[in-house]
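A.B. asks: Show me the folded form of this:
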Amino acid sequence: MTVTDPSAHSTAADPGVAADRPEDADQWTAKVRAAAVGALPPQKLLPDRQPAYVASWIYVFGVTTISALIVVIGTGMLLAIMGPNWWHVSSTGLFVNSLHLWSVEIFFFAMVIHLWGKFFMAAWRGRRAATWITGVVTFLVSVGAAFTGYLSQQNFDSQWISTQAKDGINSTGVGAIFNVTNFGQMLMWHIVLLPLAVVVLVGIHVLLVRLRGVVTPFRARTVGDGPPGDDVTTTATGEVTA
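C.D. replies: Next up is the predicted model:
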């Protein structure tokens, strides 16, 4: 990265465009920014219009999943700050704990519907395999987050779940580093590692949707058509062509 004297710039010029100078084109910052803007320009990252087939309930469940995740993270942060005594004794804590639980239920409900709906739509068509895979991996990681959440309740339910699960987990050898009876360890998995992984995966998933676009529907087949396939494509302007 080249360091220049800000006073050498014109007052009318934006100092943020210094990398647009020809002599700065080989800098890694300029290359990364150019690649990012080229792949996801602002009008593609936050589009004003979508194809007509996006007006489907299956995408509403995808947005519902993200909305529920935001509530899960917000209530979870509050629970982590206040501690177990608050969410077991205080009426406000019990309410926030219930809100956290039911937002998790909505999160999984909406995600499963979205996941299966996209499966039957063959959402991996048109170079969208990575989009589908990140969605599936997000679901699997979320199951682990939910499991460690049950272990972090600090009540009889969490004690029963941990004692019943430890033998099965220990038999796989994972118990050496994943001790389900260790509250502190399970709490850290639940509020730090697994939520971070879910947020990163969801972010990648949304960026891939913006990058590759939403999968196009199958064309209606008539008598005499060949085998079904991805015979519908989308042009750069968003028009559907067969």
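A.B. asks: Next one: I177 from F61, what distance?
C.D. replies: Distance of I177 to F61, given as C-beta to C-beta, to the nearest Å: 35 Å. In this view, the C-beta of every residue, glycine as well, is placed from N, C-alpha and C.
A.B. asks: In contact with A110, which residues?
C.D. replies: By C-beta atoms under 8 Å, 6 or more residues apart in numbering, the contact set of A110 is 61-62, 64-65, 68.
A.B. asks: which stretch of helix or strand covers it?
C.D. replies: helix 91-120 (DSSP states H and E).
A.B. asks: Could you do T163 as well?
C.D. replies: helix 156-171.
A.B. asks: tell me which strands and helices that helix is in contact with?
C.D. replies: If contacts are counted by 3 or more C-beta pairs under 8 Å, 6 or more residues apart in numbering; DSSP states H and E, helix 156-171 sits against helix 129-151.
A.B. asks: for the helix it packs on, which positions count as buried?
C.D. replies: Residues of helix 129-151 classed as buried: 131-132, 134-135, 138-139, 141-142, 144-151 (neighbour count, 16 or more other C-beta atoms under 10 Å).
A.B. asks: Ok, stretch 162-177 next?
C.D. replies: Residues of stretch 162-177 classed as buried: 162, 165-166, 169, 175 (neighbour count, 16+ other C-beta under 10 Å).
A.B. asks: At the geometric centre of the protein, which residue sits there?
C.D. replies: Central residue of the chain (C-alpha atoms, centre = their mean): V202, 0.9 Å from the mean position.
A.B. asks: Is that one in contact with V141, as I believe?
C.D. replies: No - using C-beta atoms under 8 Å, V202 is not in contact with V141; the gap is 9.9 Å.
A.B. asks: by how many degrees do the helix holding T163 and helix 129-151 diverge?
C.D. replies: 120 degrees (axes from the mean of the first three to the mean of the last three C-alpha atoms, to 10 degrees).
A.B. asks: And the average pLDDT for the very next helix or strand once past helix 156-171 is what?
C.D. replies: The first helix or strand that comes after helix 156-171 along the chain, using DSSP H and E, is helix 183-188. For helix 183-188, mean pLDDT is 92.
A.B. asks: Quick one: name whatever helix or strand follows helix 183-188.
C.D. replies: Immediately after helix 183-188, counting by DSSP H and E, sits helix 194-212.
A.B. asks: Tell me the helices and strands packed up against that following helix.
C.D. replies: By 3+ C-beta pairs under 8 Å, 6+ apart, helix 194-212 packs against helix 42-45, helix 57-82, helix 129-151.
A.B. asks: which of the buried residues of stretch 162-177 lies closest to L211?
C.D. replies: Nearest to L211 among these, counting by C-beta to C-beta, is I169 at 37.7 Å.
A.B. asks: In contact with that closest one, which residues?
C.D. replies: The contact partners of I169, by C-beta under 8 Å, 6+ apart, come to 175, 178, 180.
A.B. asks: give me that answer again for 10 Å
C.D. replies: 162, 175-176, 178-181 (C-beta atoms under 10 Å, 6 or more residues apart in numbering).
A.B. asks: now these in JSON lines, with distance to L115?
C.D. replies: Listed next are the contacts of I169 as JSON lines, based on distance: C-beta to C-beta, whole Å:
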{"residue": "S162", "distance to L115": "28"}
{"residue": "G175", "distance to L115": "30"}
{"residue": "A176", "distance to L115": "32"}
{"residue": "F178", "distance to L115": "25"}
{"residue": "N179", "distance to L115": "31"}
{"residue": "V180", "distance to L115": "26"}
{"residue": "T181", "distance to L115": "32"}
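A.B. asks: If anything else comes up later, I'll come back, but that's it for now.
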